[in-house]
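Chemist: structure for the following, please:
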Amino acid sequence: MSVKDNLNTIKSELPEEVALVAVSKTKPNKDILEAYQAGQRVFGENKVQEMVQKWEGLPKDIKWHMIGHLQRNKVKYMAGFVSLIHGVDSPRLLKEINKQAKKHDRVIPCLLQIHIAEEDTKFGLDQAELDELIASDTFKAMENIKIVGLMGMATFTEDESQIRREFAQLKSTFDDLKTKLNDITTLSMGMSGDFGIAIEEGSNMVRIGSSIFGARNYS
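Modeler: Numbering: from 1, shown residues only. Reported below is the predicted structural model:
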């Protein structure tokens, strides 16, 4: 199956209101162009350097999403063009994004990453940290970021009930946040292995890579 065929298959499985982020990390520009020519405009990368190189070499109407763990010292390299940052997992990172966005006279949309998995390896805020952040004066003073929703990753497990429970928990947090902040519209949860469950539990943005581009290249 070609990238185009894979993409069309995935799109046919997604409800109309669910946005698709094609995860293009480790993939060459030609694969991204094939998806682009098939109509895909939103791509996700997890390394800033790789995203910058692709942004430089590919059509400018592509919307680049930063989906990986983001280090504060890397924000400046993508602040001029990134469309959405998925993994904001600390107030310090948010502060840096705001600072770099200001330099480019931009307001950068961000998702706060919530820790829902039972694995310690996943990043994210817990409920108390989320509440503290959005109540803080520092947060209210940030004019160059816009929190538009939440992102989370379920535990990597075969136990569907656990995955469903974790996604349901995130949806509940999302619904609660909508009552506190005006611009909350995006719930990014679900990847190639679990996006079906994520959508059933309320996700409206999924991050799919291997089902579109094939297995990742870790060379």
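
Chemist: need the residues that contact the helix ranked longest in the chain.
Modeler: In the chain, taking DSSP state H as the definition, the longest helix is helix 160-178. Helix 160-178 is contacted by residues 114, 116-118, 127, 130, 134, 149-150, 152, 154-155, 157, 184, 187, 189-190, 194, 197-198, 200-203 when judged by CB atoms under 8 Å, 6 or more residues apart in numbering. Where C-beta positions appear, they are placed from N, C-alpha and C, glycine not excepted.

Chemist: show me those residues that map onto strands.
Modeler: G149, L150, L187 (DSSP state E).

Chemist: and the second one, what does it touch?
Modeler: Residues in contact with L150, defined by CB under 8 Å, 6+ apart, are L111, L112, Q113, I114, L170, T173, F174, L177, I184, T186, L187, S188.

Chemist: next one: the residue nearest the centre of the chain from A135, what distance?
Modeler: The centre of the chain sits closest to H86, judged by CA atoms, centre = their mean, with a distance of 3.4 Å. The spacing between H86 and A135, counted by CB to CB, to the nearest Å, is 23 Å.

Chemist: swap in Q53?
Modeler: Where A135 is concerned, Q53 sits at a distance of 39 Å (CB to CB).

Chemist: do the same with Q100
Modeler: 24 Å.

Chemist: between these two, which is the more surrounded one?
Modeler: Higher neighbour count among Q100 and A135: Q100, with 22 against 10, using other CB atoms under 10 Å.

Chemist: CA atoms of the helix or strand hosting the more buried one as CSV?
Modeler: Taking DSSP states H and E as the criterion, Q100 maps to helix 91-103. This file holds the C-alpha atoms of helix 91-103, laid out as CSV (Å, rounded to 0.1, in the frame of the first residue of the first chain):
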residue,chain,number,x,y,z
PRO,A,91,4.9,26.3,33.5
ARG,A,92,8.5,27.0,32.7
LEU,A,93,8.1,25.6,29.2
LEU,A,94,5.0,27.7,28.7
LYS,A,95,6.8,30.8,29.8
GLU,A,96,9.6,30.1,27.3
ILE,A,97,7.1,29.6,24.4
ASN,A,98,5.4,32.9,25.3
LYS,A,99,8.8,34.7,25.3
GLN,A,100,9.9,33.3,22.0
ALA,A,101,6.4,33.9,20.4
LYS,A,102,6.6,37.5,21.4
LYS,A,103,9.9,37.9,19.6
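
Chemist: having no further points to raise, I will conclude here.
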